[in-house]
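Here is a sequence with its predicted model. Questions after.
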Amino acid sequence: MSSKLLQPTDFASTDTVSLARELVGKHLVCSYPKNKRIAQVITETEAYDGPEDLACHASKGRTARTEVMFGPPGHWYVYLVYGMHEMLNLVTGPVDYPAAILIRATSEISGPGRLSKRLGIDRRFNGRPAAPTTELHLEDRGTSFADHEIEATPRIGIDYAGPDWSQRPYRFVAKKAAIERVAADANR
DNA sequence: GGGAGGATGGAT
DNA sequence: TCCATCCTCCCA
């Protein structure tokens, strides 16, 4: 099967929500020694879109933590939440446009905290480029989900962002049946 | 320097 | 429903 290596510049669009939708179905590829080589299909994402988005960390301004989100696209933004879970995000949009996509699950791992733990991802990855030559990158291996196979829902755990932002359908989840279909295709 | 709260997940 | 656990950010 053909595999297209995704470059940081592929995430330069300011249309964070569309990018989040498109990221579902792409492969997350880890190639560092600890895990040998692992490639899993991304099945759930959330968009955090710019300074106006009250659920986006960058809406509170530019700080040491959020600095990476203001940087160039296609870089990893990894932070700790609840004192124990590392969240893996991909920075999107041009420089000075603070936006990112939270990768919440793959076909084999449910939950953003578990995902990073299982793959050995922590804040050491913060600020690194998601380039094909690095230890953690993205590939398009031809997997695709039809629109009806992906559900758009409000994001998780951000009620503090107020009724407008907390209810926007910025979370994209592949349906269970679709994930099983993709898994079956992969075993052929 | 102190304190409140958080883009979760596992146990109860 | 509870809470482990600690970083981030605001306020003093």
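Received it, and whenever you're ready, just let me know what you need. Note that the structure is predicted; figures quoted are calculated from it, not measured.

so the residue most central in space within chain A bridges to which residues?
The centroid of chain A falls nearest to A:Ile103 when counting by Cα atoms, centre = their mean (3.0 Å). Note on A:Ile103: beta-bridge partners by DSSP bridges are A:Thr45.

wait, isn't it in contact with A:Val91?
No - applying Cβ atoms under 8 Å, one finds A:Ile103 not in contact with A:Val91, separated by 11.9 Å. Bear in mind the C-beta positions are built from the backbone N, C-alpha and C, glycine included.

which element is A:Glu86 on?
Assigned by DSSP states H and E, A:Glu86 belongs to strand A:85-91.

What separation do you get for the nearest residue to A:Gln167 once chain neighbours are set aside and A:Ile42?
Spatial nearest neighbour of A:Gln167, chain neighbours left out: A:Pro154 (5.1 Å); criterion: Cβ to Cβ, 6 or more residues apart in numbering. Separation of A:Pro154 from A:Ile42 (Cβ to Cβ, to the nearest Å) stands at 19 Å.

can you check A:Phe125 too?
Between A:Phe125 and A:Ile42 the computed distance is 16 Å (Cβ to Cβ).

In terms of neighbours, single out the busier of the two.
Higher neighbour count among A:Phe125 and A:Ile42: A:Ile42, with 24 against 21, using other Cβ atoms under 10 Å.

which residues touch that one?
Contacts for A:Ile42 (Cβ atoms under 8 Å, 6 or more residues apart in numbering) come out as A:23-28, A:103, A:105-106.

In strands, which of the residues you listed appear?
Among those, the ones falling in strands (DSSP state E) are A:27-28, A:103, A:105-106.

when you check DNA strand C, which of the contacts of A:Ile42 turn up near it?
When Cβ under 7 Å from any atom of the strand is taken as the criterion, no member of the contacts of A:Ile42 contacts DNA strand C.
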